[in-house]
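Visitor: I would like to see how this sequence folds:
(2 chains)
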Amino acid sequence: MARELLEQARTGDALTVRLNGAWRIENIAAIEAALAQLSQAGAQRIIVDARSLEELDLSGAWLLREHLQSLQGAGGQVEFTGEPPSQFAFLEEISAQQLEETAAVERRSGWRNPLGWLGRVSVQQWHHAIDGVGYLGRVAVTGLRSLRPRHLRLASITRHIYETGIQAIPIVSLIAFLISVIIAYLSAQQLRQFGAEIFTVDLVAIAVLREMGVLLTAIIVAGRSGSAFAAEIGVMRLNDEIDALHSMGVDPWEVLVLPRLIGLLIALPLLTVVADAMGLAGGALLSSLLLDISLTQFIPRLQDALAPTTFWAGLIKAPVFAALIAMVGTYRGMQVRDSSRELGRLTTVAVVESIFLVIFADAIFAIVFVELDF
Amino acid sequence: MNQPAPIISVRNVVNRFGAQTVHDGVSLDVLPGEVLGIVGGSGTGKSVLLRTMLGLHRPVSGEVLVEGRNVCGASDEELLEVKRRYGVTFQHGALFSSLTVAQNIQLPIREYFDASPATLAALTELRLRMVGLSPDAAAKLPSQLSGGMIKLAALARALALDPTLLFLDEPTAGLDPISAASFDELVSYLHRELQLTIVMITHDLDTLLATCNRVAVIIDSKIVVDTLDGIMKNPHPWIQEYFHGPRARAAVAGARPGKGK
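Guide: Have a look, this model is predicted:
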């Protein structure tokens, strides 16, 4: 900058302040620095000379005015040489207007009050638990009510079967295939030490059919569709679309939640069958390449290895996982309020929670199946 | 009369969405220091035209020159230099929902300049006061504001950098008549005292009559630009209906005497 924005000279009890250059927002840092230098220093009168001011925008004028006011408050008298800049009249006007106070924003105390925090979190969690149970009940009631024809949205259910099921086939197949290759490879290495490579077939078949097929499918679907459910419904919430449905007398649970739930209840078992088939194919391929177990040996061995219940022990879990994923996804979506940050947070929560619940449910199934000798 | 060089020059812009042609060779100059109102029926592409001027939408053909530079061809740095002097309000406010009103206003200032927290607070108060919002709205999140307050907060954000060029998309829609009138005053002031150039899409005839120097009407994918008086005498049936329909008469009657002052 060629010239100082502000020059001050002291004569007697008067301080003359000459303003130069461009007082624009672009020079905000320089304006700040210049105003910081300007101090009353015992002067009774402060004479502001704005005649050589090249440019003054509202930001500059506002900062200058605030500073001059604070000087005036401290006992100095501010005068202008000639007319004050025209911006001042406008600023005077807007700062004089009476503005309606808006209602105060609720402030939450943070960590500083640990006891209060603990109490608030406990109450919150209690409300969340009640809310969750309420949601479950609501969906159940809606489900029962929509058993009448015309209330079951077949078009919507079909769309969700397509989006959550058919579109997921490539990725589910690929992952099931790769996982069974990994299991086959690892177990072949271990079993070779005992000369029992043929049992690789048993291991792969049981692992894929009982556990891996359905569990991996559920986890992929939770990541793909659980997040999509939460995000779709969350955006509708942000746009007041849910309220619009309510106001039309259309039950949002019936048109949004139930089709997703039913769609996934149908799609996930079907995907599990695909994953099982691809898993066995992966095991067969690796066996023939690595262990010299040809397909003609593989299939009889497979038939021996599998109990009649093995396949069903996996598949029976699929609808349970589907219900968990769909419920958590739509529930979190419905909880979105206010902001896009909330949307992101709840979508994340939906995915993490549904994966956790799927694995937790799987553990319970494992224990129950062992006890039942299923 | 010798016309000054236009700030924005839209030349033969064609915009098409699928089979639907929205703009079919639209040309429009925005002159420095004017308030230009853009009107047109619903779905005639007013917002698309605004987005095209801002460089947010690439036209099928034609070009948009901002201070002589082609928006579509200019480098990012060149455009940034221009954009810094823009202020834009969008139809639905487009406030960042995870930031408070104060943070929304401060965001562009922080992005470009190095200002202390005290200065930022002072500038935030100025913007809020300019649009007639109480400074205690600063701490609120957009979701805690009413529809009208969101409009005002969005305008406050658009004014954050003391722009020389202001784009407003339906700024008074959803405001009560008193807020709308004080908005008109604000626009008139910004235009008169600060020589701001303002491009405004509006359906509000009161705002149009109170603030605009020239009016651009989009009809049949083309544009008609004229002064306010000129456009009201235009024989096109839609324009006649617009300016002389039952709703328009009251607004015109209300505004005319004021013009004579």
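
Visitor: got any ranges where the stretch 1-150 of chain A has weak pLDDT?
Guide: Applying pLDDT under 70 to the stretch 1-150 of chain A flags residues A:1-3, A:40-41, A:98-111.

Visitor: start to end distance for stretch A:78-97?
Guide: For stretch A:78-97, the separation between the terminal residues is 22 Å (CA to CA, to the nearest Å).

Visitor: need the contact list for the residue of the stretch 151-300 of chain A found nearest chain B.
Guide: In the stretch 151-300 of chain A, the residue found nearest to chain B is A:Leu238; the distance is 7.8 Å by CB to the nearest CB. Where you see a C-beta, it was placed from the backbone N, CA and C, and this is true even at glycine. Going by CB atoms under 8 Å, 6 or more residues apart in numbering or on different chains, A:Leu238 touches A:Val336, A:Asp338, A:Ser339, A:Ser340, A:Leu343, B:Ser97.

Visitor: can you list the domains in chain A?
Guide: As given by automatic domain parsing, the domain ranges for chain A are A:2-86, A:151-372.

Visitor: tell me which of these is the most buried.
Guide: Comparing the domains of chain A by mean neighbour count (mean count of other CB atoms under 10 Å in any protein chain shown), domain A:151-372 ranks first with a mean of 19.

Visitor: just the mean pLDDT for that domain, thanks.
Guide: In this model, domain A:151-372 has a mean pLDDT of 91.

Visitor: any weak-confidence spans in chain B?
Guide: Across chain B, the ranges flagged by pLDDT under 70 are B:1-3, B:73-74, B:249-261.

Visitor: picking that back up, closest one of the contacts of A:Leu238 to A:Ile220?
Guide: Of all those, A:Ile220 sits closest to A:Leu343, with 22.2 Å by CB to CB.

Visitor: setting aside sequence neighbours, what's the nearest residue to that closest one?
Guide: Distances taken as CB to CB, 6 or more residues apart in numbering or on different chains put A:Gly234 closest to A:Leu343, at 4.4 Å, once the chain neighbours are dropped.

Visitor: bridging residues for A:Glu55?
Guide: For A:Glu55, the beta-bridge partners under DSSP bridges are A:Ala22.

Visitor: contacting residues around it?
Guide: A:Glu55 is in contact with A:Gly21, A:Ala22, A:Trp23, A:Arg24, counting by CB under 8 Å, 6+ apart.

Visitor: interface residues of the stretch 201-350 of chain A facing chain B?
Guide: Proximity of the stretch 201-350 of chain A to chain B (CB under 8 Å from any CB of the partner chain) is limited to residues A:Leu238, A:Arg337, A:Asp338, A:Ser339, A:Ser340, A:Arg341.

Visitor: circling back to that earlier point, among the contacts of A:Leu238, name the ones in helices.
Guide: Within those, membership in helices is found for A:Ser340, A:Leu343, as judged by DSSP state H.

Visitor: which one among the contacts of A:Leu238 gets closest to A:Gly223?
Guide: Nearest to A:Gly223 among those: A:Leu343, at 17.0 Å, using CB to CB.

Visitor: where's that closest one relative to B:Ile150, distance?
Guide: 18 Å (CB to CB, to the nearest Å).

Visitor: now B:Gln106
Guide: Distance of B:Gln106 to B:Ile150, computed by CB to CB: 17 Å.

Visitor: and what of A:Gly165?
Guide: Note on A:Gly165: its distance to B:Ile150, by CB to CB, is 41 Å.

Visitor: still on that earlier bit, tabulate the residues of the stretch 201-350 of chain A next to chain B in TSV, adding columns for distance to A:Leu115.
Guide: Converted to TSV, those look like this (distance: CB to CB, whole Å):
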residue	distance to A:Leu115
A:Leu238	35
A:Arg337	27
A:Asp338	28
A:Ser339	29
A:Ser340	33
A:Arg341	28
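
Visitor: tell me which element residue 183 is part of?
Guide: Using chain A here. Here A:Ile183 sits within helix A:169-192, counting by DSSP states H and E.

Visitor: wait, chain B was what I had in mind.
Guide: Assessed by DSSP H and E, B:Phe183 sits inside helix B:177-194.

Visitor: SS state for the residue nearest to A:Leu343?
Guide: helix (DSSP: H, G, I helix; E, B strand; the rest coil).

Visitor: now it: how far from A:Gly329?
Guide: Going from A:Gly234 to A:Gly329 by CB to CB gives 10 Å.

Visitor: neighbour-wise, which of B:Gln106 and B:Ile150 wins?
Guide: The residue with more neighbours, out of B:Gln106 and B:Ile150, is B:Gln106; 23 against 18, by other CB atoms under 10 Å in any protein chain shown.

Visitor: the closest residue to the more buried one other than its chain neighbours: neighbour count?
Guide: The shortest distance from B:Gln106 to any non-neighbouring residue, by CB to CB, 6+ apart, is to B:Leu120 (5.0 Å). Number of residues near B:Leu120 (other CB under 10 Å) recorded here: 18.

Visitor: kindly report the same for the one 5 residues further on.
Guide: Residue neighbour count, defined by other CB under 10 Å, stands at 20 for B:Glu125.

Visitor: so it is in contact with B:Leu133, correct?
Guide: No - if you go by CB atoms under 8 Å, B:Glu125 and B:Leu133 don't touch, sitting 9.9 Å apart.

Visitor: for A:Tyr135, pull up the helix or strand it's in.
Guide: Under the criterion of DSSP H and E, A:Tyr135 resides in helix A:114-145.

Visitor: flag every buried residue along that helix.
Guide: A:Tyr135, A:Val139, A:Thr142, A:Gly143 (16 or more other CB atoms under 10 Å in any protein chain shown).

Visitor: which helices and strands does that helix pack with?
Guide: Counting contacts by 3 or more CB pairs under 8 Å, 6 or more residues apart in numbering or on different chains; DSSP states H and E, helix A:114-145 packs against helix A:258-290, helix A:317-335.

Visitor: can you tell me which of the contacts of A:Glu55 is nearest chain B?
Guide: Ranked by distance to chain B (CB to the nearest CB), these are led by A:Arg24 at 6.9 Å.

Visitor: distance check, the nearest residue to the closest one once chain neighbours are set aside against A:Leu270.
Guide: Using CB to CB, 6+ apart and skipping residues adjacent in sequence, the residue nearest A:Arg24 is A:Asp57, 4.9 Å away. In this view, A:Asp57 and A:Leu270 are 65 Å apart by CB to CB.

Visitor: and for B:Thr21?
Guide: 45 Å.

Visitor: now A:Arg112
Guide: To A:Leu270, A:Arg112 is 53 Å away according to CB to CB.

Visitor: swap in A:Glu371?
Guide: Taking CB to CB as the measure, A:Glu371 falls 29 Å from A:Leu270.

Visitor: test my guess that B:Met130 contacts B:Ala156.
Guide: Yes - between B:Met130 and B:Ala156 there is a contact at 6.8 Å, judged by CB under 8 Å.

Visitor: so the two - more neighbours on which side?
Guide: For B:Met130 versus B:Ala156, the count of surrounding residues by other CB under 10 Å is larger for B:Ala156: 27 against 20.

Visitor: doesn't that one belong to a helix?
Guide: Yes - assessed with three-state DSSP, B:Ala156 lies in a helix.

Visitor: from memory it sits against B:Pro108, does it?
Guide: No - between B:Ala156 and B:Pro108 there is no contact, the gap being 11.2 Å when judged by CB under 8 Å.
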